[in-house]
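sharing a model that was predicted from the sequence below.
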Amino acid sequence: MSRTARRAERLADAADARLPVLEGGTLLRKAFPEHWSFFLGELALYSLLLLILTGVWLTFFFQPEMREVVYTGSYVPLQGVAMSAAFDSTLHISFDVRGGLLMRQTHHWAALVFVAAIGLHLLRIFFTGAFRRPRELNWAIGVTLFMLSLAEGFAGYSLPDDLLSGTGLRIAQGIMTSIPVVGTYLAFFAFGGEYPGHDIITRLYPLHILLLPGALIALVTAHLILVFHLKHTQWRGPGRTNRNVLGKPLYPQFTGTSAGLSLTVFGVLVLLSGLAQINPVWTYGPYRPDQVSTGSQPDWYVGFLEGALRLVPPWETNVAGHTVMWNVLLPAVVLPGLLFAVLYAYPFVEQRLTGEWRHEQHLCDRPRERPVRTGLGVAGTVFYGVLLLAGANDIMAQVFRVSVDALTWILRVALVAAPVLAFLVTRWLCRALTAAERERLAEGVPTGDIRQSVTGGYESDHEPVESFRSGAPRRPLTGARTGTPARTPRAPEHPDR
């Protein structure tokens, strides 16, 4: 069989199987839709790239050891103070290595933006329904990326062995020991013996620079391959269907836009690192088990766990001589487990309830078109926000001069009531916006002109709608200027209404 015949047969087989055959030219012409929300994933990607670059540089100077040394570096207030080699090397990077402090702060800022970008990207996918068939696997990969990024951030945050991160590790040890039966063994293994042990930094280091980054890079690669294979979602509009994608070709238009975004991300993060101080470990001092820094607050992405720990009452149960600490087990182990279980299961549950699992969905929903899903998303976001506020209840009590106990009870009530209220208000608002939009399409846009009818009444003059947001329905409105009733366009009905 000739080469031409084999190629024709391969193309025919791929067409029959409805699978794209991407050759060099086809790949370079692959279309990517234009909308700002579609760049949140790229923001996470370029933050990760900057994390890798700065992290590799930092490994040349950081010493992941817990052996005790006496500080003799440039920072005078800590000279002569006993500390771990890890904290000593962190101070050395910050004050004695040229550009070291800038690299440390760039690494930390990039980590915060990376987690935030993944979270916002997941919210965009959730509210627009981009997790539906055939993208359930990519949603699961995104949720796993978010979970691993939290673990990676906490591991890196703990490496300097300063008083603030040491307090976080003490909380982590308490969470481990709250797990029935195996908790004590887990804590002994992680810390290398009775707390504080001598191995926790040594064991966190390979986890932070090798295992978790390797898993993140592998999952990001799989995510991008699936995006290319399944094609990108897009907003509804003229010429857009489930069978095509309209937008910029990969090369050169989209590549140029993406390259510009990468340089912007790098520039903004480096500028932010040079102007805004973050994690000044020298002001906290080295970690000592008998001390806790005042106003200890973790990085924002684990603040919801801190808030959950502060809100749960001191519940304990004694079973066969063993104490089960519900006030730690429920907020720090059960709650995160349930959260991620719901995130993994949601695409399959919604599609079963709505019947959409039978067909592929390549067009994005507008949040107002799915009031139940949008209400659930807003309720979950409010639930997270209340926990995040609770993680700083001591700071808020001091700033606003209120009782910590009273504020804690307010947040406990809000944790239950606020998500329910948010769901109801959001669902009502979505339905109201949809109704207002239908009326606007049916009657047109008021021109401000008033006409008097032959019967003596007054009517407002209207003109057809000419500006539309992404994904908004577009229907020609005839007779809007002359006052002839226009036909009301039917919006697509969804089962979750």
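That came through, no problem.

how far does the helix or strand harbouring Val220 sit from the chain's center?
If you go by DSSP states H and E, Val220 is part of helix 212-230. Relative to its parent chain, helix 212-230 has a centroid offset of 16 Å by C-alpha atoms, centre = their mean, to the nearest Å.

got it, and stretch 154-170?
Its chain's average C-alpha position is 22 Å from that of stretch 154-170, according to C-alpha atoms, centre = their mean.

give me the most central residue, this structure.
Centroid-nearest residue in the chain: Gly119, 0.7 Å away (criterion: C-alpha atoms, centre = their mean).

and that residue, what element?
For Gly119, the element it lies in under DSSP H and E is helix 100-128.

show me what that helix is packed against.
Taking 3 or more C-beta pairs under 8 Å, 6 or more residues apart in numbering; DSSP states H and E as contact, the helices and strands that helix 100-128 lies on are helix 40-59, helix 85-95, helix 136-158, helix 255-275, helix 371-390. Glycine gets a C-beta too; all of them are placed from N, C-alpha and C.

among those, which is nearest Pro249?
Proximity to Pro249 (C-beta to C-beta) singles out helix 255-275 among the helices and strands packed on helix 100-128, at 8.9 Å.

would you mind listing the buried residues in the helix or strand following that closest one?
For helix 255-275, the succeeding helix or strand toward the C-terminus, using DSSP H and E, is helix 281-284. Under the neighbour-count criterion of 16 or more other C-beta atoms under 10 Å, helix 281-284 has 281-282, 284 buried.

ditto for stretch 287-302
The neighbour-count check on stretch 287-302 (16+ other C-beta under 10 Å) flags 287, 293, 296, 298-299, 301-302 as buried.

now, the most widely separated pair of these?
Using C-beta to C-beta, the two most remote members of the buried residues of stretch 287-302 are Tyr287 and Tyr301, lying 21.3 Å apart.

report the separation between Val76 and Leu164.
Separation of Val76 from Leu164 (C-beta to C-beta, to the nearest Å): 21 Å.

revised request: answer the last question for Gln452.
73 Å.

neighbour count for these two, which is higher?
Leu164 (22 against 9; other C-beta atoms under 10 Å).

show me the contacts for Leu49.
Shown in contact with Leu49 (C-beta atoms under 8 Å, 6 or more residues apart in numbering): Ser262.

7 Å instead, please
By C-beta atoms under 7 Å, 6 or more residues apart in numbering, no residues touch Leu49.

52 is where my numbering starts, stick with that
In the new numbering, first residue 52, that becomes Leu100.

what separation is there between it and Ala430?
The gap separating Leu100 from Ala430 is 34 Å, by C-beta to C-beta.

returning to that earlier point: could the helices and strands packed on helix 151-179 go into TSV alongside distance to Tyr236 and mean pLDDT?
Output for the helices and strands packed on helix 151-179, formatted as TSV (distance: least, C-beta to C-beta, whole Å; pLDDT from 0 to 100):
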stretch	distance to Tyr236	mean pLDDT
helix 91-110	31	96
helix 136-146	25	97
helix 187-209	20	96
helix 306-326	40	95
helix 422-441	29	97
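
out of the helices and strands in this protein, which is least certain?
Here the helix or strand of the chain ranked lowest by mean pLDDT, DSSP states H and E is helix 54-67, holding a mean of 45.

now for the lengthiest helix in the chain, which elements pack on it?
Assignment by DSSP state H gives helix 455-494 as the longest helix of the chain. Contact here means 3 or more C-beta pairs under 7 Å, 6 or more residues apart in numbering; DSSP states H and E; on that basis helix 455-494 packs against helix 354-362, helix 422-441, helix 444-451.

relative to helix 422-441, how tilted is the last one?
So that's helix 444-451. Here helix 444-451 runs at an angle of 80 degrees relative to helix 422-441 (axes from the mean of the first three to the mean of the last three C-alpha atoms, to 10 degrees).

which other residues reach helix 444-451?
Outside helix 444-451, the residues touching it (C-beta under 7 Å, 6+ apart) are 346, 348, 361, 454-455, 458-459, 462.

now the buried members of these.
Of these, these count as buried by 16+ other C-beta under 10 Å: 361, 458-459, 462.

wait, which of these is closest to Ala443?
Nearest to Ala443 among these, counting by C-beta to C-beta, is Arg361 at 9.2 Å.

any idea how far the closest one lies from Thr123?
According to C-beta to C-beta, Arg361 stands 39 Å off from Thr123.

equivalent analysis for Trp351, please.
35 Å.

now do the end-to-end distance for stretch 208-217.
Counting by C-alpha to C-alpha, to the nearest Å, you get 10 Å between the two ends of stretch 208-217.

residue contacts, Leu380?
Shown in contact with Leu380 (C-beta under 7 Å, 6+ apart): 229-230.

avg pLDDT for the one helix or strand it maps to?
Assigned by DSSP H and E, Leu380 belongs to helix 377-380. Computed over helix 377-380, the mean pLDDT rounds to 93.

got the angle between the following helix or strand past it and helix 354-362?
The element immediately downstream of helix 377-380 (helix or strand, assigned by DSSP H and E) is helix 386-405. Put simply, helix 386-405 runs at 110 degrees to helix 354-362, going by the same axes, to 10 degrees.

tell me which strands whatever helix or strand comes next after helix 386-405 pairs with, and in which orientation.
Later in the chain than helix 386-405, the nearest helix or strand by DSSP H and E is strand 414-415. Strands that pair with strand 414-415, judged by DSSP bridges, come out as strand 285-286 (parallel).

low-confidence ranges, the stretch 202-351 of the chain, go.
Scanning the stretch 202-351 of the chain for pLDDT under 70 picks out 344-346.

again, only this time at 80
Applying pLDDT under 80 to the stretch 202-351 of the chain picks out residues 343-347.

that older thread, just the closest of the buried residues of stretch 338-353 to Leu386, please.
Val353 (12.4 Å).

count the neighbours of the nearest residue to that closest one once chain neighbours are set aside for me.
Distances taken as C-beta to C-beta, 6 or more residues apart in numbering place Phe205 nearest to Val353, at 5.9 Å, with adjacent residues excluded. Neighbourhood size, Phe205 [other C-beta under 10 Å]: 20.

I figured Phe205 hits Tyr352, correct?
No - the pair Phe205 / Tyr352 is not scored as a contact, 8.3 Å apart, by C-beta atoms under 7 Å.

chain center to stretch 341-361: distance?
Stretch 341-361 has its C-alpha centroid displaced from the chain centroid by 20 Å (C-alpha atoms, centre = their mean).

same thing with stretch 186-206?
Its chain's C-alpha centre and that of stretch 186-206 lie 9 Å apart, by C-alpha atoms, centre = their mean.

residues in contact with Glu407?
Residues in contact with Glu407 (C-beta under 7 Å, 6+ apart) are Arg183.

how about 8 Å then?
Contact analysis of Glu407 by C-beta under 8 Å, 6+ apart lists 183-184, 401.

adding neighbour count and distance to Leu439 as columns, could you present these in JSON lines?
Shown next, in JSON lines, are the contacts of Glu407 (neighbours: other C-beta atoms under 10 Å; distance: C-beta to C-beta, whole Å):
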{"residue": "Arg183", "neighbour count": "25", "distance to Leu439": "29"}
{"residue": "Arg184", "neighbour count": "16", "distance to Leu439": "33"}
{"residue": "Glu401", "neighbour count": "21", "distance to Leu439": "26"}
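
out of those, who's nearest Leu472?
Glu401 (22.4 Å).

how near is the closest one to Pro331?
Per C-beta to C-beta, Glu401 is found 45 Å from Pro331.

also His259?
Counting by C-beta to C-beta, the gap from His259 to Pro331 is 20 Å.

out of these two, which sits in the more crowded spot?
Using other C-beta under 10 Å as the criterion, His259 and Pro331 rank with His259 on top: 23 against 12.
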